[in-house]
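Visitor: what follows is a predicted protein model with its sequence.
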Amino acid sequence: MTEQIRVLVVDDQGVIRTGLSMILDHEPDLTTVAQAGDGEEALRMVDQFDPDVVLMDIRMPVMDGLVATERITRANQAAGKSKPAVLVLTTFDDEAYVLSAVRAGASGFLLKDTDPDLLVSAVRAVHRGDSLVDPASTRVLLERCVELERKVGNGGEAAAPQDAGRWIGVLSQLSERERDVLVWMARGLSNRDLAAKLFVSETTVKTHVSSVLSKLGLSSRVQAVVVAYEAGVVRPGEAEVRWES
């Protein structure tokens, strides 16, 4: 019997919840165990149904998806659990919220108008622990969000990220191979792509990714991508890599 991945769908629009649930329930290994219309209800559903993955909208009444994601992540850490993983549903109108969602502990995010096949693949990916999903869209959106924060923080003009200095010492702990993995993650490569790029197995890539997260004190691969941009190791629109000694 196929192992069922249990999903909680959270969105304040009933038609979207229904549509997402229909897509998921069409797959033999996915099942929608509950739906919620806001973050507060989502927390109750997590406690009641113990889902593996939460599809989380950002902007909702009562409690938004950012607060709900942070509370789910905090509860996971306190209990020593890795589930549920939170997959944030967003639009380009939400770009100012995306970094906040990542920092709150989201395992990844997808655009709401994404292809159904990509949606089900993303749910399976975060369930496996492959946090960064929809790599191309993730990279583009993260670049836009980090650049937006830089401009806001520097009076409207793009500049080196203010947080770069605090990461230099921590990044120096990474091995040369771990630095390579961080850079290529930030450029949007999946585990499979990384394995091909570095001529190693996917298992080896996962080991390197886990080591990078541990050394940086992070909980998800997406957070590592944000750090790479914040530290200036990879910069929007630039191909070269910058490592400070």
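Guide: Looks like it arrived, so ask away. Residues are numbered from 1 along each chain as shown.
Visitor: so which residues of this protein form helices?
Guide: 14-25, 39-49, 65-79, 95-103, 116-128, 135-153, 164-171, 176-186, 191-198, 202-216, 221-230 (DSSP state H).
Visitor: who's in contact with residue 209?
Guide: Residue 209 makes contacts with 181, 185, 191, 221, 224, as judged by Cβ atoms under 8 Å, 6 or more residues apart in numbering. Heads up, the C-betas are built off the backbone N, CA and C, glycines and all.
Visitor: hmm, back to that, most tightly packed of the helices of the chain?
Guide: helix 221-230 (a mean of 24; mean count of other Cβ atoms under 10 Å).
Visitor: now residue 105: closest residue in space, sequence neighbours ignored.
Guide: residue 73 (2.8 Å; Cβ to Cβ, 6 or more residues apart in numbering).
Visitor: what pLDDT does the spatially most central residue of the chain get?
Guide: Per Cα atoms, centre = their mean, the C-alpha nearest to the average position across the chain is that of residue 108, at 2.1 Å. What the model reports as pLDDT for residue 108 is 80.
Visitor: ok, residue 130 next?
Guide: At residue 130, pLDDT is 68.
Visitor: again, but for residue 29
Guide: Note for residue 29: predicted pLDDT of 95.
Visitor: and stretch 174-182, C-alpha only, in PDB?
Guide: Taking Å, rounded to 0.1, in the frame of the first residue of the first chain, the C-alpha atoms of stretch 174-182 are listed here in PDB:
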ATOM      1  CA  LEU A 174      32.400  25.900   5.800                       C
ATOM      2  CA  SER A 175      34.700  23.600   3.900                       C
ATOM      3  CA  GLU A 176      35.400  24.300   0.200                       C
ATOM      4  CA  ARG A 177      32.900  21.800  -0.900                       C
ATOM      5  CA  GLU A 178      30.200  23.100   1.500                       C
ATOM      6  CA  ARG A 179      30.800  26.600   0.100                       C
ATOM      7  CA  ASP A 180      30.200  25.200  -3.400                       C
ATOM      8  CA  VAL A 181      27.000  23.600  -2.300                       C
ATOM      9  CA  LEU A 182      25.800  26.900  -0.700                       C
END
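Visitor: so how far is that stretch off the chain centroid?
Guide: Relative to its chain's centre, stretch 174-182 lies at 20 Å (Cα atoms, centre = their mean, to the nearest Å).
Visitor: residues in contact with that stretch?
Guide: 171, 194, 198, 205, 208-209, 211-212, 215-216, 224, 227-228, 233, 243.
Visitor: in contact with residue 60, which residues?
Guide: Here residue 60 is in contact with 10, 11, 12, 37, 38, 39 (Cβ under 8 Å, 6+ apart).
Visitor: could I get those residues as JSON lines with pLDDT and distance to residue 50?
Guide: Formatted as JSON lines, these follow (pLDDT from 0 to 100; distance: Cβ to Cβ, whole Å):
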{"residue": "10", "pLDDT": "96", "distance to residue 50": "15"}
{"residue": "11", "pLDDT": "95", "distance to residue 50": "20"}
{"residue": "12", "pLDDT": "93", "distance to residue 50": "23"}
{"residue": "37", "pLDDT": "94", "distance to residue 50": "20"}
{"residue": "38", "pLDDT": "95", "distance to residue 50": "19"}
{"residue": "39", "pLDDT": "94", "distance to residue 50": "17"}
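Visitor: who's the closest spatial neighbour of residue 213, skipping the chain neighbours?
Guide: residue 224 (6.1 Å).
Visitor: er, residue 58 actually
Guide: Using Cβ to Cβ, 6+ apart, the closest residue to residue 58 is residue 65 (4.3 Å).
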